[in-house]
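[1] Got a predicted structure here, sequence first:
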Amino acid sequence: QVRTRYINWAMRRDVKRRALATEYAPLRMRLVALKRAKMLPEEIRSHASQELTILPRDSCPNRTVNRCVLTSRPRGVVQTHRLSRIMWRLLADYNKLSGVIRAKW
């Protein structure tokens with residue numbers, strides 16, 4: 001069995017999607033701008049729309065999921081630290097996050 005740095009298949013798939021999204025981002029941005037430009041002829045706009053459908057599905061940035069980098073948990077992710085709320089709380093309790101103190105009363 002080969003060990004990788006990814007926790008599970010979902011994290012690996014999300015990393016692959018992020019790589020594709022960054023690779024195709026400039027082209028996708030140009031094609032979307034052409035497609036949405038109302039002043040252009042309909043022929044050019046439809047051609048840009050067809051070109052967008054040819055691109056890989058995973059190159060769309062909307063398909064990426066914000067996951068915890070430690071556990072790959074998809075829900076409850078604190079975006080500033082890229083950690084799930086559970087791991088964030090655990091690390092904050094033991095002073096592993098700089099400048100973070102958990103609420104105490």
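    Done, it's in. Only a predicted model underlies this, so the values are computations on that prediction, with no experimental measurement involved. Numbering: from 1, shown residues only.

[2] pretty sure Asn62 is in a strand, no?
    No. Counting by DSSP: H, G, I helix; E, B strand; the rest coil, one finds Asn62 to be helix, located in no strand.

[3] how close does it get to Val32?
    12 Å (C-beta to C-beta, to the nearest Å). (Glycine included, C-beta is placed from N, CA and C.)

[4] can you check Asp14 too?
    22 Å.

[5] Show me where the chain has its strands.
    77-78, 83-84 (DSSP state E).

[6] What about the closest residue to Val15 other than its chain neighbours, how many residues nearby?
    Of all residues not flanking Val15 in the chain, Tyr6 sits nearest, at 6.7 Å (C-beta to C-beta, 6 or more residues apart in numbering). Other residues lying near Tyr6 total 14 when counted by other C-beta atoms under 10 Å.

[7] Contacts only, for Tyr6.
    The neighbours of Tyr6, taking C-beta atoms under 8 Å, 6 or more residues apart in numbering as the test, are 12, 15, 72.

[8] about what we covered before: who has more neighbours out of Asp14 and Val32?
    Asp14 (19 against 13).

[9] Do I have it right that the more buried one meets Val65?
    Yes. The pair Asp14 / Val65 is scored as a contact, 5.3 Å apart, by C-beta atoms under 8 Å.

[10] center of the protein - which residue?
    Geometric centre of the chain, nearest residue: Thr64, 3.5 Å, by C-alpha atoms, centre = their mean.

[11] Could you pull up phi and psi at that residue?
    phi -80, psi 150 (degrees, to the nearest 10).

[12] any idea how far Asp93 is from it?
    Distance from Thr64 to Asp93, by C-beta to C-beta: 29 Å.

[13] Same question for Ala48.
    With C-beta to C-beta as the criterion, Ala48 and Asp93 are 52 Å apart.

[14] neighbour count winner among the two?
    Counted by other C-beta under 10 Å, Ala48 and Asp93 do not tie: Ala48 has more neighbours, with 18 against 11.

[15] If anything else comes up later, I'll come back, but that's it for now.
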